[in-house]
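Student: Coordinates only, no sequence provided:
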């Protein structure tokens, strides 16, 4: 193969439209059916929010993978590596397992156990009751609402641009249909319906992601061909670290060891800190040792293989196949790397499967967040402070809020979101990780944690992430590197959480004895 | 193309492979450590 002969960028076709509609249609149809089936699984507001805590390890593991792997992870990560080369993989997700497997170790059993013992149906309720504080529950709910709102805004972007690349049509109708279907299965099936739909979506993107990853390596003819091709284009594309890129701003994650190590910490804290991840365990059944291994295995298989290929070799293969051509196609540029790679490997059929996988990844993460945001308002704020409010009115308000929180990312995928919102969005995931790694996971193990320590951690992390958005992403030139900001967030949250807890009073002994029984 | 340069660049794949194997080992060993004392 002549290393500098690139494949022409394929154009959308009528065949692509048909395949895309069929693939996406089947995925959405299965989700609606699951929502309808899950309607029988709940009879009260509590059961709507958490089910009967009887979901097994396969479904929980697949749903956890789906909530963690977003549209960005399935599309943007390949684009980062396509654009920057091998060094991009550190931020693009090679550390995904370094986050999600410890999330199971730290949070799976304890989330289920604490929420059941405390009679809690949501994560803020579990945290609030863990610290005997309605004030903390409210602060946690408001903070999650802020972070998740910011993080949800961009969730459908990759789906919209890929649909356009496949069909040449506006993404309006396919996105609208997707959010309407997501609303339906959440309203009909509640937590259980959402969990089952997420599990199917996780299965779809795992299959598609693995097929494309392995297909790409076969298509290009192995690792040596990738190296030879990229060396001919630009040898820096094969470097594991790019000291030539700026040391401040976003590129610090590829240009210095401070940034690369921070990327590992981002993934580690993010997986456990994401409430939409940890909430997957709320409805899990009491697991045996064998169940636990099944849970871990499914998450390793669904998250590890496809995403580690997706964020490394896929981007490099796309670069070898198409050269830098895609970078010139505005406004998507690197985001086209993954769909165009799918097209090169298997034509419109594979591209349509990729679209189904991408929508699965995007919709599952968005649905996980939206369900929590709705419960933040109904259960964690209104019902907490006005317990006389009827469950029926909470359910109806929840249905409306789910529609609202789905509609906003839908709208901002079609119309460019305000610049300020895009900037805050970039730091929301880091903020969520830094705060809730401590407030959720560490609080399951450390008896000395206090509500004052948790509140200090939440406030610092929320304000710190807003400052970070300005200092790293908004200010020109940037004031700090993204990796440095991660250290400031995580270390600050940790110091405040432990320090303030050490000098304030923990919850009652009676509660501690219930939550931390002597073995 | 200089074969030495290609060999140097190709070594990045060993780091990549180590990440795959390392995370698989981490998963197995960590889960075994956590569950080894569990009573059924």
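Tutor: In hand now; what should we look at? No experiment lies behind these values; they were computed from the predicted model shown.
Student: Let me see the contact set for residue A:99.
Tutor: Taking CB atoms under 8 Å, 6 or more residues apart in numbering or on different chains as the criterion, residue A:99 is in contact with A:68, A:267-272. The way it works is simple: take the backbone N, C-alpha and C, and place the C-beta from them, glycine included.
Student: Any figure for the gap between it and residue B:34?
Tutor: Spatial separation of residue A:99 from residue B:34 under the definition CB to CB, to the nearest Å is 16 Å.
Student: before we move on, back to that, put together TSV for the contacts of residue A:99, with neighbour count and pLDDT on each row.
Tutor: Formatted as TSV, the entries for the contacts of residue A:99 read as follows, by neighbours: other CB atoms under 10 Å in any protein chain shown; pLDDT from 0 to 100:
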residue	neighbour count	pLDDT
A:68	29	93
A:267	23	94
A:268	20	96
A:269	28	96
A:270	25	94
A:271	30	95
A:272	23	96
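Student: Surely residue A:184 and residue A:32 touch.
Tutor: Yes: in terms of CB atoms under 8 Å, residue A:184 counts as a neighbour of residue A:32; the distance is 5.8 Å.
Student: Pull the number of nearby residues for residue 40.
Tutor: You didn't say which chain, so I picked chain A. For residue A:40, the neighbour count with other CB atoms under 10 Å in any protein chain shown is 9.
Student: my bad, the chain I had in mind was chain B
Tutor: When neighbours are counted by other CB under 10 Å, residue B:40 comes out with 5.
Student: Just the pLDDT for it.
Tutor: Residue B:40 is assigned 70 on the pLDDT scale.
Student: now it: how far from residue A:289?
Tutor: In this structure, residue B:40 lies at 6 Å from residue A:289, with CB to CB as the measure.
Student: Next: residue A:334.
Tutor: In this structure, residue A:334 lies at 43 Å from residue A:289, with CB to CB as the measure.
Student: Of those two, which one has the most company?
Tutor: In terms of neighbours (other CB under 10 Å), residue A:334 is the more surrounded of residue A:334 and residue A:289; the figures are 24 against 15.
Student: Am I right that the more buried one is in a helix?
Tutor: Yes: assignment of residue A:334 by DSSP: H, G, I helix; E, B strand; the rest coil places it within a helix.
Student: Who are the contact partners of it?
Tutor: Residues A:76, A:78-80, A:82-83, A:326-327 are the ones in contact with residue A:334 under the rule CB under 8 Å, 6+ apart.
Student: So the longest helix anywhere in chain A, near chain B or not?
Tutor: Of all segments of type helix in chain A, defined using DSSP state H, the longest is helix A:172-220. No: in terms of CB under 8 Å from any CB of the partner chain, no part of helix A:172-220 sits within range of chain B; the closest distance is 11.0 Å.
Student: What mean pLDDT does that helix get?
Tutor: When the per-residue pLDDT values of helix A:172-220 are averaged, the result is 94.
Student: next SSE after it?
Tutor: helix A:223-233 (DSSP states H and E).
Student: helices and strands around whatever helix or strand comes next after that following helix, which ones?
Tutor: Scanning the chain past helix A:223-233 towards its C-terminal end, the next helix or strand to appear is helix A:252-255 (assignment: DSSP H and E). If contacts are counted by 3 or more CB pairs under 8 Å, 6 or more residues apart in numbering or on different chains; DSSP states H and E, helix A:252-255 sits against helix A:89-92, helix A:257-273, helix A:482-502.
Student: what do you get if the cut-off is 10 Å, keeping everything else the same?
Tutor: Counting contacts by 3 or more CB pairs under 10 Å, 6 or more residues apart in numbering or on different chains; DSSP states H and E, helix A:252-255 packs against helix A:77-84, helix A:89-92, helix A:257-273, helix A:482-502.
Student: Format those as TSV; extra columns: distance to residue B:20.
Tutor: Supplementary listing: those in TSV, determined by distance: least, CB to CB, whole Å:
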stretch	distance to residue B:20
helix A:77-84	15
helix A:89-92	12
helix A:257-273	15
helix A:482-502	23
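Student: Among the ones you listed, which comes closest to chain B?
Tutor: Proximity to chain B (CB to the nearest CB) singles out helix A:89-92 among these, at 7.5 Å.
Student: For whichever helix or strand comes after the closest one, the averaged confidence score.
Tutor: Next along the chain after helix A:89-92, taking DSSP H and E as the criterion, comes helix A:96-103. Confidence over helix A:96-103 (mean pLDDT, whole number) is 96.
Student: so how far is stretch A:66-85 off the chain centroid?
Tutor: Distance of stretch A:66-85 from the chain centroid (CA atoms, centre = their mean, to the nearest Å) equals 11 Å.
Student: Next: stretch A:46-54.
Tutor: 22 Å.
Student: next one: stretch A:181-197
Tutor: Taking CA atoms, centre = their mean, one finds stretch A:181-197 lying 18 Å from the centre of the chain it belongs to.
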